[in-house]
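Student: predicted model and sequence follow; I will ask about them next.
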Amino acid sequence: MLERTKKPPIETVPLSFAVPPALVSEVRAFMRLKGIAEEKEAYSIEEVFPFSKEERPTVYLRGARYREDLTQVQLAEATGIPARHISEMENGKRPIGKKNARLLADALNIDPRRLLDV
């Protein structure tokens, strides 16, 4: 009897853009500038975010905080992590750590693994 095999994980990120019609040409120009072909359906994370593996958690943390429209002080109040530490994490001067990743992920509605450099 044949067993099902798991597909190996592929490091891609599905992206879709919702922009006003007036900005469509600007977004397409930016994609061309970055070397991203419009007809391609999937892009590797390296193509979309040209950051090193060590920089990705900091960029993700900053982006998630921005998406939730929180300041560093508001995020600090929500998590109990000092605002100074959050600033240092976003600037790559302090590792995030498992405990802080869980606290931040809960406050930002994201997967904590995205904040860990694994």
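Tutor: Structure received.
Student: center of this structure - which residue?
Tutor: Among the residues of the chain, Tyr60 comes closest to the average C-alpha position under CA atoms, centre = their mean, at 3.2 Å.
Student: contacts for the strand or helix carrying that one?
Tutor: Using DSSP states H and E, Tyr60 maps to helix 56-67. Helix 56-67 is contacted by residues 45, 49, 51, 72, 75, 86, 89-92, 96, 104, 108-110, 114-117 when judged by CB atoms under 8 Å, 6 or more residues apart in numbering. C-beta here means a position set from N, CA and C on the backbone, and glycine is covered the same way.
Student: how near is the spatially closest residue to Lys53 that is not a sequence neighbour to Glu55?
Tutor: Once flanking residues are discounted, Lys53 sits nearest to Asp117: 6.4 Å by CB to CB, 6 or more residues apart in numbering. Distance, Asp117 to Glu55, by CB to CB, to the nearest Å: 9 Å.
Student: got it, and Leu75?
Tutor: 19 Å.
Student: those two: which is more packed in?
Tutor: Leu75 (21 against 13; other CB atoms under 10 Å).
Student: which helix or strand contains the more buried one?
Tutor: Assigned by DSSP H and E, Leu75 falls in helix 72-79.
Student: show me the helices in this structure, by range?
Tutor: Counting by DSSP state H, one finds helices in the chain at the ranges 24-33, 45-48, 56-67, 72-79, 83-90, 98-108.
Student: mind putting the ones you listed in a markdown table, mean pLDDT included?
Tutor: Converted to a markdown table, the helices of the chain look like this (pLDDT from 0 to 100):
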| stretch | mean pLDDT |
| --- | --- |
| helix 24-33 | 80 |
| helix 45-48 | 65 |
| helix 56-67 | 89 |
| helix 72-79 | 95 |
| helix 83-90 | 95 |
| helix 98-108 | 95 |
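Student: quick revisit: are any of the contacts of helix 56-67 buried, and which?
Tutor: Gln72, Leu75, Ile86, Met89, Glu90, Ile96, Leu104, Leu108, Ile110, Arg114, Leu115, Leu116 (16 or more other CB atoms under 10 Å).
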